[in-house]
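Trainee: Provide a 3D model corresponding to the input given below.
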Amino acid sequence: MRNEPGVSGDTTADAHIDNVTNDPEATPFVLVTEESRGMERRNQSHVSASVLSWTEALARPGHHSLYESMVTELAEYLGETPATVAAACAAGAENVAQEWKARQLRKKSPPSEVVEFYRTTKSYLFDLTTFNSEYPHTAALEALVGMARKRGLTTVLDFGSGIGSVGLFFALNGMEVALADVSEPLQDYAAWRFKVRGLKLRLIDLNREELPKGTFDVVTAFDVLEHLPRPAEALRALAASMKAGGLIALNVEAPEARFPQHIATYEEVLSTVAATGFHRLQFLGKTEVFERVERGAVCTLWHSFWGNVWYGFLYRKSIAVLEALGVKKVIRRWIKGPRS
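Mentor: Coordinates of the predicted model:
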């Protein structure tokens, strides 16, 4: 595995995470610092009050911007200087793509090889630090917390959780959080971030365990399903992990030359959503929110058939017709609302 330039390749987080548990009933380790006390007070004061914004939840005291805060936080974790980490973050997205190409991965690669890439690469530590500092889903997340509170939903799973930022946002807005991922470097860092804030975390290592059944009220899957060689299997596992009436928020980014690791399409993912047991509630910008519902065998068969017909044959053709008529943007705004 290629190491990031200027960042020690043998840095581990083992010493930092020995008290983070994957047992939801265990008593969490609390690091008593001024920061964790402040986080705890902030968490308690917002459980039933207004929703903490993305920046309010993630930025640590004493920084001028969320990006500066997140770079400094990663530098502290790695034992590197902020300047060194900032340089690695600036090259993060390009390094991820280069590493993917160096391993000669593609859509038809064996799923085990794709999983191994995500399990071991450290490049995403830097790419996601930049990405999360200017995150495109903040409005959707804040709206989702509001929806969850109105429905009395309290337990949340962030699937493909990366460096744990979405989980921190939910935890600091008073929810019980579980993170699930295959990446060992990202899980270690996410666990450390929770620990230094004194926050409880359930960490699910998808290399070693399956998602629990019927457990979660809310699931998020942001910028992850397009990375999976078998997204339909992931959706079935997510549906099984949820309680009936729960909410799932997801998006699927389009394939691009600069993101060769985007190997599943929007149509491929959405063609199976309804048959898996999800009913679309609304759009929140690029995010789609679905409710977990129980479907009978006949209804499931119908949604499977129609999903394949619509997304397999009609969806792109319909988009092309609307575009030719000059009404695509109008209809899009009517259905999804203004771009966030």
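
Trainee: Please make it C-alpha for all contacts and neighbour counts, starting now.
Mentor: Fine.

Trainee: Where does Tyr67 fall, secondary structure wise?
Mentor: Counting by DSSP states H and E, the element that carries Tyr67 is helix 66-78.

Trainee: Would you mind listing where the stretch 1-150 of the chain has pLDDT under the threshold?
Mentor: 1-49 (pLDDT under 70).

Trainee: show me where it has strands.
Mentor: In the stretch 1-150 of the chain, no strands are defined using DSSP state E, counting those that start in this stretch.

Trainee: how about low-confidence regions in the stretch 201-340 of the chain?
Mentor: Residue ranges of the stretch 201-340 of the chain with pLDDT under 70: 328, 331-340.

Trainee: need the helices for it, in chain order.
Mentor: Using DSSP state H, counting those that start in this stretch, the helices assigned to the stretch 201-340 of the chain run over residues 231-241, 266-270, 273-276, 297-309, 315-325, 328-336.

Trainee: can you pull the buried residues of the second one?
Mentor: In this case it means helix 266-270. Neighbour counts over helix 266-270 (16 or more other Cα atoms under 10 Å) mark 267-270 as buried.

Trainee: With distance to Tyr315 as added columns, please give those residues in a markdown table.
Mentor: As requested, these are exported to a markdown table (distance: Cα to Cα, whole Å):
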| residue | distance to Tyr315 |
| --- | --- |
| Glu267 | 8 |
| Glu268 | 11 |
| Val269 | 13 |
| Leu270 | 11 |
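
Trainee: From Thr155, how far off is Phe170?
Mentor: Distance of Phe170 to Thr155, given as Cα to Cα, to the nearest Å: 9 Å.

Trainee: who's more crowded, the two?
Mentor: Between Phe170 and Thr155, Phe170 has the larger neighbour count (other Cα atoms under 10 Å), namely 27 against 20.

Trainee: So which elements touch the helix or strand encompassing the more buried one?
Mentor: Using DSSP H and E, Phe170 sits in helix 165-171. If you count contacts as 3 or more Cα pairs under 8 Å, 6 or more residues apart in numbering; DSSP states H and E, helix 165-171 packs onto helix 54-58, strand 155-159, strand 176-181.

Trainee: which ones are touching Asp127?
Mentor: Asp127 is in contact with 89-93, 96, counting by Cα atoms under 8 Å, 6 or more residues apart in numbering.

Trainee: repeat for Val289
Mentor: Val289 neighbours (Cα under 8 Å, 6+ apart): 247-250, 280-283.
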